[in-house]
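Visitor: Structure for this input, please:
(3 chains)
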Amino acid sequence: MTSIDAPLTDLTGLPVAPAPAEELHGPVLAWFDRHARDLPWRRPEAGAWGVMVSEFMLQQTPVVRVLPVYEQWLARWPRPADLAAEAPGEAVRAWGRLGYPRRALRLHAAAQAITERHGGDVPRGHAQLLALPGIGEYTAAAVASFAYGQRHAVLDTNVRRVFARAATGVQYPPNATTAAERRLARELLPRDEGTAARWAAASMELGALVCTARNEDCGRCPIAARCVWRLSGKPAHDGPPRRGQTYAGTDRQVRGRLLAVLREAVGAVPQAALDAVWDEPVQRARALDGLVSDGLVEPLEGGLYRLPQS
DNA sequence: TAGACGTGGGT
DNA sequence: TACCCAAGTCT
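Guide: Now for the predicted structure:
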C-alpha cells in the first residue's frame, strides 16, 4: 500500500520520469510501420463508410469476430444509402452474433441520417459525427482520424492502457475516462495532422498487440525503455475492481436467446417459439418487452413477433 | 455516474 | 470451472 502522491521509483529508488512526447512518437510510429495488421478497414478502398462500419462493429467485439461480418456487410451495403434503404431488421439479422445488437440498429439509423442530412457521405466534422446515433466521443475521433486523417485524441481502451503504463506508471487506467487522461492524450498528440492520425492508430495497435491487458510483452515493446510502469517494477493495480458483470441468468442472456430465434427465422415467429428459450415467464416477458421498446423486435397481431420492418 | 447492454475465446 | 477481456454508447 503506497500513499497517493508517493513518486514512482525504479529498483534503486531513483524517481522515474515520464518520457517527453517526442521521444515516444518515433519508436511507436516505426514499430507500427513494421507490425501493423493488414485489416480491411485500413485499406484505402474501405473509405470513410468502411471505417465507420468497422468502428461500430469493433465496439466491445474482437477483430477476429468482426472480420467476416464486415466483409459481408460492405459487399451488401457499399454506401450508407444502401443500408438506409433496407429495413432495420435486416441490419440486425446481418449483425449476426457480434453482440450488442442495438449497435446494428444505431448503425442503420446513422446511415439514414447520413443519407438525409449529409448527402450520403460520412461527415468529416467531429461534431457532425458525434451527432449521429451510436457515435460517441471515441468513435467520432476515430472516424475523423482514420478516415479523414484529422488530428484528434483517440482514446480507446488500448490507448488508455498504453498511456496509463508508459506515462502514468500504473497497470490499468481508471474505469471511466478522466479529464486527466484526455489532457495527457492531447499533450502526447503529434503537432502535424497526418502524423497525429498515424500516432492514433499506432498507439492503439500497440495496446492491442503488445501492451495487452494480460500477459503484456514488454520484450517486443518499442518504448519499454521509457515505460514508467515497467521501470517502476510493474506495481500491481490497486484500487476498485476493474469490472464485474456476471452474465448467466441475466436479462441480457434472455434477450440474446430471444433475438437469436428471430434472427434465424425467415418471417414472423409465434409466441410459443420464443417461450421455449427460457422457462421463467416473468423474466422472459420482461426481456421481450425490453427488446420491443428498444426497437429490436416488432410485435404483430396474433402473438407473432419479427425483426423490425420499420 | 453507475449500470445495462451480447457473445465467445483465452487462461 | 469461473472469470476476464474485447477499437463503447446511452441513460
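Visitor: Show me where chain A has its strands.
Guide: For chain A, the strands defined by DSSP state E cover A:269-270, A:298-300, A:304-306.
Visitor: Just put those strands in JSON lines and tack on mean pLDDT and mean neighbour count.
Guide: Heads up, the C-betas are built off the backbone N, CA and C, glycines and all. Formatted as JSON lines, the strands of chain A follow (pLDDT from 0 to 100; neighbours: other C-beta atoms under 10 Å):
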{"stretch": "strand A:269-270", "mean pLDDT": "98", "mean neighbour count": "16"}
{"stretch": "strand A:298-300", "mean pLDDT": "98", "mean neighbour count": "15"}
{"stretch": "strand A:304-306", "mean pLDDT": "98", "mean neighbour count": "17"}
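Visitor: Ok, which of those strands comes nearest DNA strand C?
Guide: strand A:298-300 (18.7 Å; C-beta to the nearest atom of the strand).
Visitor: which parts of chain A sit against DNA strand B?
Guide: Residues of chain A lying near DNA strand B by C-beta under 7 Å from any atom of the strand: A:60-62, A:65, A:97-102, A:175-176, A:214-215, A:245, A:247, A:250-253, A:255-257, A:259-260, A:290.
Visitor: re the thing from before, can you put the strands of chain A in CSV and add distance to DNA strand C?
Guide: Converted to CSV, the strands of chain A look like this (distance: least, C-beta to the nearest atom of the strand, whole Å):
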stretch, distance to DNA strand C
strand A:269-270, 26
strand A:298-300, 19
strand A:304-306, 22
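Visitor: neighbours of the residue nearest to residue A:37 when sequence neighbours are not counted, just the number please.
Guide: If the residues on either side of it in the chain are set aside, residue A:37 comes closest to residue A:205, at 7.1 Å by C-beta to C-beta, 6 or more residues apart in numbering. Each residue near residue A:205 was counted by other C-beta atoms under 10 Å, and the total is 22.
Visitor: right, and residue A:205 touches residue A:32 too?
Guide: Yes: taking contacts as C-beta atoms under 8 Å, residue A:205 lies within contact range of residue A:32: 5.8 Å.
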